[in-house]
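S.K.: Quick check, what structure comes out for this input:
(chains A and B)
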Amino acid sequence: MGSEAKCSKPECDKFVAVNELAKRRGFFWSSFEIYGGSGGFVTYGPLGTRLKQNIENKLRELFVKKIGIYEMESSVIAPGKVFEASGHVDHFKEPMVECQNCKGRFRADHLLEEKGISSAEAEKMTLAEIKEELERHGIVCPDCGGPFGEPQRFLTMFETTIGPYSGAVGYGRPEAAQNIFVEFDRLYTAARERLPFGVIQIGHALRNEISPRQGLIRLREFTIADLEFFFDPEEPCCRFLGEVENEVLPILLCDTRLKECEDTTDVTVREALDRKIIQNEWQAFFMAQAKRLLVELGVPAEKQRFIEKLTWEKAHYSTQSFDQEVLVDRWGWVEVSGHAYRTDFDLASHMKASGADMTVYKEYPNPVEKEELVVKPIMAKLGPIYKGEAAKVAALLAKVPAQEVTDAMEKQGSIMVENYQVFSEQVDISRQKTTVRGTRFIPHVVEPSFGCDRLFYVALEYAYGIKEDRVVMGFPRSIAPVQVGVYPLMGKDGLDTKACQIQNMLANEGFMAEFDETGSIGRRYARADEAGVQLGITVDYDTLKEDTVTIRDRDSWQQVRTAIKDLPALLHDYFYGKKAFKELGVLIKSQ
RNA sequence: GCGGUCGUAGUCUAGUUUGGUCUAGGACAUCAGCCUGCCACGCUGACGACCCGGGUUCAAAUCUCGGCGACCGCACCA
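M.R.: The predicted structure follows:
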């Protein structure tokens, strides 16, 4: 049974078809097959690597080139402190117990919560303490009443040691975001200390999933694109909002979800903000951009939606979160990006843990004149009295609010600081005028975060089509892994040499162009369609006479004839989306 | 991690029930040659597989145990 025949059957879904094609044509496959394989790891082949790069470059185009987001690249492994500070160490380790009788597994902290122990308490307990508490409350398996084994912590971060000393714990990053927060200070300097600004990092992340499934959808090592956008919470306006305010976002709201209803509410970006469905302008802007990105990857708007996350579904750092989902053939709605309002959580956490200053300075539009009381100890008088303790007295005095000192001096002529009495003649109280020109604050963050492997998968699935029993991968032209195939009609009479020259010329013009001379011309077209090659240039006998070629469109199978010398300019326009296929030459009537 | 189903060339599969005739068959793909004047033509040839390891047996693709992997369900998914 041939693969095409099988895939025309209804029970053969697109996931199976796409995965089979991907393996056969080298888009991707699961890694380490010669050693029996290992779940959750994937290898991208020649076509897949190119497609993935094109998708990642779409992100760069959309965010880096068009709106000036900065890009950075940092390490996958980070010292333990980074993820302790970020809260991941706490949130990634869940104590679990297994029933020795029925093998059911339960979250130990949840079992304890039922006995009135708060989750905060449970989180702090050691495994021994958890075991003790479980025994003390006589907690047994809720399913069968069987006894529990030893509690164990399940860690979904990959743990390692840095260097030869086992004390130095390191973790594989489960998201790319933390690198950005950790490097905030330098990034902010590089951004010339102006808000708002954003930084994107596209790179691998690691999550030690219990059981990775669903091919590219859930991997243990995957590519994530985290964009952290920093802004002043007092100036939350998005200057690009005008470009997207009429974009319609289909959102499945919390309220709707709680009614166990799956209906989305269609709102424009403007409405979503006016009705406070989305709290933040930048977040709404990025959601609109995310929708447009998916459209450009070939996923129509009606196959996308946003889900507002419920309180208990949200990450520990987020106040409002939406997931962007795409409808796929096999599993229904699958998350492709997350949009979280992280407030100042991350910068504040790292500031607290590291002691580094993560605040930024903001100048007021108008300086504020401030008059304040200043208490200055007169050391010339304190010194002779308190001798060696004079400095200490002065320090203690500095801790007392100036107004309090002034009041005491006016009432009693002295003030007690601990056991020391300071008299009014020992201090100099004055009113000082100062000009406050600005303030320091921690920026807020909205984060769009894309799963690149999932973007890749949905692009493949939506490109997958069957035309006359043949697979045609109809990628949008901007992400096609191969832009042009160049084919001699026959591998003789100099047609092959001519085709080679054209391929070479196009490659030098910057196109991804491939030469193929084996098999019949029809076979080569079919092969190219399956790889998603956007255009086919065929060199025939007329080419030798008049220096023209035919260009074949992968999707319509139509052909136009055009002069070789015009190819570079025409193709550049075509791939930039400035020209349609039919504008590339004179349409040839189908034979 | 549990339960179910499953694992044969690049891909899809026949064979497994009932161990031997399997030196493992086919289709498609790939490569070489011939042919071929625009959509997987044809012919000839080539390449190429029983997931890994133990056990039972005279004999294992087939039975059995363990491992690994895949899919589905449960759980998990910041």
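S.K.: Show the low-confidence segments of the stretch 1-150 of chain A, by residue range.
M.R.: A:1-12, A:93-96, A:98-128, A:141-147 (pLDDT under 70).
S.K.: Nearest residue to residue A:389 in space, ignoring adjacent ones along the chain?
M.R.: residue A:420 (7.5 Å; CB to CB, 6 or more residues apart in numbering). All C-beta spots, glycine's among them, are computed from the backbone N, C-alpha and C.
S.K.: my read: that neighbour touches residue A:396, true?
M.R.: Yes. Between residue A:420 and residue A:396 a contact is recorded at 7.0 Å, counting by CB atoms under 8 Å.
S.K.: who touches residue A:453 in this structure?
M.R.: A:42, A:52, A:216, A:217, A:219, A:222, A:223 (CB atoms under 8 Å, 6 or more residues apart in numbering).
S.K.: let's see 10 Å
M.R.: Residues near residue A:453 by CB atoms under 10 Å, 6 or more residues apart in numbering: A:28, A:42, A:44, A:52, A:55, A:215-219, A:221-224, A:336.
S.K.: and if you look at residue A:274?
M.R.: Residue A:274 touches A:267, A:268, counting by CB under 10 Å, 6+ apart.
S.K.: about what we covered before: looking at the contacts of residue A:453, which one is closest to RNA strand B?
M.R.: When these are compared for distance to RNA strand B (CB to the nearest atom of the strand), residue A:215 comes out closest, at 4.5 Å.
S.K.: sec struct for the residue nearest the centre of chain A, please.
M.R.: Nearest to the centroid of the C-alpha atoms of chain A, with distances taken as CA atoms, centre = their mean, sits residue A:449, at 2.2 Å. Following DSSP: H, G, I helix; E, B strand; the rest coil, residue A:449 is assigned to strand.
S.K.: Report the beta-bridge partner residues of it.
M.R.: In this entry, residue A:449 is beta-bridged to residue A:226, residue A:338, by DSSP bridges.
S.K.: So for it, what's the pLDDT?
M.R.: On pLDDT, residue A:449 comes in at 95.
S.K.: So it sits against residue A:176, correct?
M.R.: Yes. Here residue A:449 reaches residue A:176: they are 8.2 Å apart, a contact under CB atoms under 10 Å.
S.K.: okay, and the common contacts of the two?
M.R.: Each of A:200, A:205, A:224, A:225, A:226, A:227, A:228 lies in contact with both residue A:449 and residue A:176 under the rule CB under 10 Å, 6+ apart.
S.K.: What are the buried residues along stretch A:562-569?
M.R.: A:562, A:564, A:567 (16 or more other CB atoms under 10 Å).
S.K.: Could you tell me how far it lies from the centre of the chain?
M.R.: The chain centre lies 40 Å from the centre of stretch A:562-569; the measure is CA atoms, centre = their mean, to the nearest Å.
S.K.: What ranges does the stretch 301-450 of chain A have for its strands?
M.R.: Along the stretch 301-450 of chain A, the stretches classed as strands by DSSP state E, counting those that start in this stretch are A:304-308, A:320-328, A:332-343, A:360-377, A:414-417, A:420-423, A:427-441, A:444-451.
S.K.: so for the third one, what's the average pLDDT?
M.R.: Same thing as strand A:332-343. 92.
S.K.: How about the first one?
M.R.: Across strand A:304-308, the average pLDDT comes to 94.
S.K.: And for the second one?
M.R.: If you average the pLDDT over strand A:320-328, you get 93.
S.K.: Below-threshold pLDDT in the stretch 201-350 of chain A: ranges please.
M.R.: Looking at the stretch 201-350 of chain A by pLDDT under 70, you get A:210-211.
S.K.: What's the separation between the closest residue to residue A:547 other than its chain neighbours and RNA strand B?
M.R.: Excluding its sequence neighbours, the residue lying closest to residue A:547 (CB to CB, 6+ apart) is residue A:564, at 5.0 Å. Taking CB to the nearest atom of the strand, to the nearest Å as the measure, residue A:564 falls 13 Å from RNA strand B.
S.K.: ok, now which ones touch residue A:564?
M.R.: A:498, A:501, A:502, A:505, A:537, A:539, A:543, A:546, A:547, A:548, A:549.
S.K.: switch to 7 Å and redo it
M.R.: A:502, A:547, A:548, A:549 (CB atoms under 7 Å, 6 or more residues apart in numbering).
S.K.: Residue A:323 too?
M.R.: Applying CB under 7 Å, 6+ apart, the residues near residue A:323 are A:306, A:307, A:309, A:335, A:338.
S.K.: try 6 Å
M.R.: A:307, A:335, A:338 (CB atoms under 6 Å, 6 or more residues apart in numbering).
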